[in-house]
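1. output the structure for:
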Amino acid sequence: MTDAISSRQLELLTSWLGHFTVIQDHSWPLQDTTVLQLETEDGRHVTVKASLTSHHIRREIKAYARGLPGLRGRIPDLLHSAPDAGLLVTGFLPGTLVAGTAAEHESDTYYQAGRLLALLHRPAGTSASYLRSMAVRTSAIIERLDGLVTAPVVRRVAEELAAVEVYPVELVTTHGDFQPRNWLYDDGPGRGRRVAPREPEPSRRNRGLGTSGGRPGLRTARCPHA
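-> Numbering: from 1, shown residues only. Just a heads-up that it's a prediction; the model follows:
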């Protein structure tokens, strides 16, 4: 199961961990990141994330470098990292993925996830360029809609975008993929499997807490400070 790991990455892992055994492959299908649960010679279980193409690993390493106070025991501890090699090693966080279990349909799960997200949301300053940069990105997407959406709809979307007011916004650190597939429960939900944060952005981008699936009780289970 180490076939997807490059020789450079394998060399780094060996220098950090010594001899190890692959316990389980936790990689998601159709993703460009390999995620392995390893056991070292001294019996420790760790999680390895490796990719030669994904920018998410470097983003995650940057988030750890900025510091994540108050989350000890709720997210994996960073043990080793090599941004240039697309590799990081964290402690293994025990638990069961919320996605696909009964816990995914319980409102308390989303309340606990909101409490965890509230700890992650930290002030990251004010940006006068955030909305402008988002408008530029959206404009680039609109330009690629030719043939996928009717011309009148494309024009209407472009007009709506052009009318967006650009003003300074308060930013916070966010997760970016705060979904049940990234939550663990172990004697109750409330752990994040991975950090996977985005660049700082307005907190409203994280208010949805995944999907409510049309269940009214879950639509109200949002971040406590939202």
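2. all helices of this protein, in order?
-> Under the criterion DSSP state H, the chain carries helices at the ranges 7-17, 56-66, 107-120, 130-143, 151-162, 216-219.
3. include mean pLDDT when you put the ones you listed into JSON lines, please.
-> Output for the helices of the chain, formatted as JSON lines (pLDDT from 0 to 100):
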{"stretch": "helix 7-17", "mean pLDDT": "96"}
{"stretch": "helix 56-66", "mean pLDDT": "83"}
{"stretch": "helix 107-120", "mean pLDDT": "85"}
{"stretch": "helix 130-143", "mean pLDDT": "93"}
{"stretch": "helix 151-162", "mean pLDDT": "94"}
{"stretch": "helix 216-219", "mean pLDDT": "49"}
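4. most tightly packed of the ones you listed?
-> helix 107-120 (a mean of 20; mean count of other C-beta atoms under 10 Å). C-beta here means a position set from N, CA and C on the backbone, and glycine is covered the same way.
5. between that one and helix 56-66, how many degrees?
-> If you take axes from the mean of the first three to the mean of the last three C-alpha atoms, to 10 degrees, helix 107-120 sits at 60 degrees to helix 56-66.
6. for helix 107-120, name the packing helices and strands.
-> strand 183-185, strand 189-192, helix 216-219 (3 or more C-beta pairs under 8 Å, 6 or more residues apart in numbering; DSSP states H and E).
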